[in-house]
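>>> Pasting the sequence and the predicted coordinates here, then a few questions.
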Amino acid sequence: MSMKKENKGKLNKYSFCLSLIFALIITYISAGNTIAATFDIPGDFATIQDAIDDAGVVNGDTINVLAGTHVEDFIDITKELTIQGQGIGSTIIDPSSLGGFTVVFYPKANNVIIRNMTIQNADQAIRFELAGQTIDGTTIQLVSMLDNSSRGIEVHNATTVTNLLVDQCNFENTHHGLRIASSGHLNNVSFIDSTFIDNAIGIYIANDGSVSTLDGIDVTGCTFNNHTTAALFLEEVQNALIETNNFNNNRRDIQIFKWYQASVPVSDVTIRENIMLGTTDAVFALFNADNITGQTVFSDITITKNRADTSDASAVYAGAHSTYQSASPSLGGIGWNTVDISKNCFTGITTAGNGVRYFIPAGIMPDQALGGATLDVRQNYWGTTDIPTITAWMQNPSITDFTPIRQNDNQCPSVGGGANGGGIGQGNNNNNGNGKGPKK
């Protein structure tokens, strides 16, 4: 074969491949698909909102926010977009000079990704608010929410948020890291390798006599430091897994508060293999009290293989709650017999009655605070094997099943090695990351 014929054959093959690729692209576009584009802020547009509102920016595109401090608020994300910065501490959105009440991002479309930036000095960094509607598939990744006066993330006003991923984020001095308002709903959320520092509450579901719910939450590999109320404050929670986290110097580490919605039990909650250090009031606070709307319920709460070395704080603080819109005291709700607190290591307790203590409203007997049940805290290690000493740490031994005890701490995670202790602090991080769905 001559060289000319050989080259002609190669050229024909090359032309065929190009034609095939071009045909595939045409077919892809004609089917209603688009090829994602990236737009710079500033550069292609002056502001993030300008880019979102432009007809040429469509679902699947990326808005690339360049390094520097950007003054912008009330950004309505109405398309399925990725909004990415150049890294924490590099791209900063700070609306403080605008004055008044400020919220930076309002995700209002499905499958929004926000990543690689710092949001600071707002009232709320990210707020979900579409009353009566559902927002699905949001990813918040490598975002630091710093010095926001009210919330890091808010689920507000009868809005339902589903399949939310919070990955490697920082919530610092922002009052509430995440809050579900009294009419909000959050279904299927994962917090992974994130850090909560110097807040009142890290993760908070409020109810206040309304209809909020939290169904399906994973908290894994996170760090919670210096919370003045509680690191986790969960009122209406179901299907929760809280594992391999670090809790340091919090007033209360995990509080479960069942009081308002009698129709929604606190159910299927597992808390395991976490490390709690320096707690000042209670490691686990569990409240379940009947309400004027009906009987409240605990169902299947398991707290196991955690290590807590406290500052003479209670390992468990349990019972009913104070009187609310009623002339009679609150009695304990039902389901305390489904609460299993076992194979944990509780050390640092020195004060009598402070190991397991109870909230017992005036006018009721101690056993009424647990709805007639007893609290099962058997098979835990208390830092000693001396039964008289441990008995003295039980505020009401008659309603506390605490024997047999464990003889050692070999089933508990070791300090510095058991939990991942994730989080990213405030340093620069230029990893662009990939948006991904929740683990559930």
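Nice, thanks for sending it over. Numbers count the residues shown, from 1 in each chain.

>>> In a strand, Thr391, correct?
No. Counting by DSSP: H, G, I helix; E, B strand; the rest coil, Thr391 falls outside a strand, being helix.

>>> Go ahead and confirm it touches Ile405.
No. Using Cβ atoms under 8 Å, Thr391 makes no contact with Ile405, being 10.5 Å away. Quick note: C-beta positions are derived from backbone N, CA and C, even for glycine.

>>> For stretch 192-200, buried residues please.
Buried residues in stretch 192-200, counting neighbours by 16 or more other Cβ atoms under 10 Å, are found at Ile192, Asp193, Ser194, Thr195, Phe196, Ile197, Asn199, Ala200.

>>> Looking at the residues you listed, which is nearest Ala51?
Ser194 (27.3 Å; Cβ to Cβ).

>>> Relative to Thr160, how far out is that closest one?
Relative to Thr160, Ser194 is positioned 22 Å away (Cβ to Cβ, to the nearest Å).

>>> So this protein: which segments form each domain?
For the chain, automatic domain parsing gives the domain ranges 1-33, 39-401.

>>> now the strands for the stretch 1-150 of the chain?
Here the stretch 1-150 of the chain has its strands, by DSSP state E, counting those that start in this stretch, at 38-41, 62-65, 68-70, 75-77, 82-84, 91-93, 103-107, 113-120, 124-128, 134-136, 139-146.

>>> Dump those into CSV; add mean neighbour count and distance to Asp312 as well.
Formatted as CSV, those follow (neighbours: other Cβ atoms under 10 Å; distance: least, Cβ to Cβ, whole Å):
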stretch, mean neighbour count, distance to Asp312
strand 38-41, 16, 52
strand 62-65, 22, 48
strand 68-70, 14, 45
strand 75-77, 19, 47
strand 82-84, 23, 46
strand 91-93, 23, 41
strand 103-107, 25, 41
strand 113-120, 25, 36
strand 124-128, 27, 36
strand 134-136, 18, 44
strand 139-146, 26, 32
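
>>> right, and those strands - which one's nearest Ala362?
Ala362 lies closest to strand 124-128 among the strands of the stretch 1-150 of the chain, at 39.0 Å (Cβ to Cβ).

>>> and that closest one with strand 113-120, angle?
Orientation of strand 124-128 against strand 113-120 (axes from the mean of the first three to the mean of the last three Cα atoms, to 10 degrees) gives an angle of 150 degrees.

>>> low pLDDT regions in the chain?
1-34, 291-294, 322-330, 416-440 (pLDDT under 70).

>>> Tell me where it has helices.
For the chain, helices defined by DSSP state H occupy the ranges 3-30, 48-53, 387-393.

>>> Would you indicate which residues of the last one are buried?
By neighbour count with 16+ other Cβ under 10 Å, helix 387-393 contains the buried residues Ile390, Ala392, Trp393.

>>> circling back to that earlier point, and the buried residues of stretch 192-200, which is closest to Ser182?
Closest to Ser182, out of all of the buried residues of stretch 192-200 and judged by Cβ to Cβ, is Ala200, at 16.8 Å.

>>> check contacts around the nearest residue to that closest one once chain neighbours are set aside.
Leaving out its chain neighbours, the residue that sits closest to Ala200 by Cβ to Cβ, 6 or more residues apart in numbering is Thr229, at 4.8 Å. Thr229 makes contact with Ala200, Ile201, Arg251, Arg252 under the criterion Cβ atoms under 8 Å, 6 or more residues apart in numbering.

>>> With distance to Gly60 added, can I get these in JSON lines?
Output for the contacts of Thr229, formatted as JSON lines (distance: Cβ to Cβ, whole Å):
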{"residue": "Ala200", "distance to Gly60": "38"}
{"residue": "Ile201", "distance to Gly60": "36"}
{"residue": "Arg251", "distance to Gly60": "45"}
{"residue": "Arg252", "distance to Gly60": "43"}
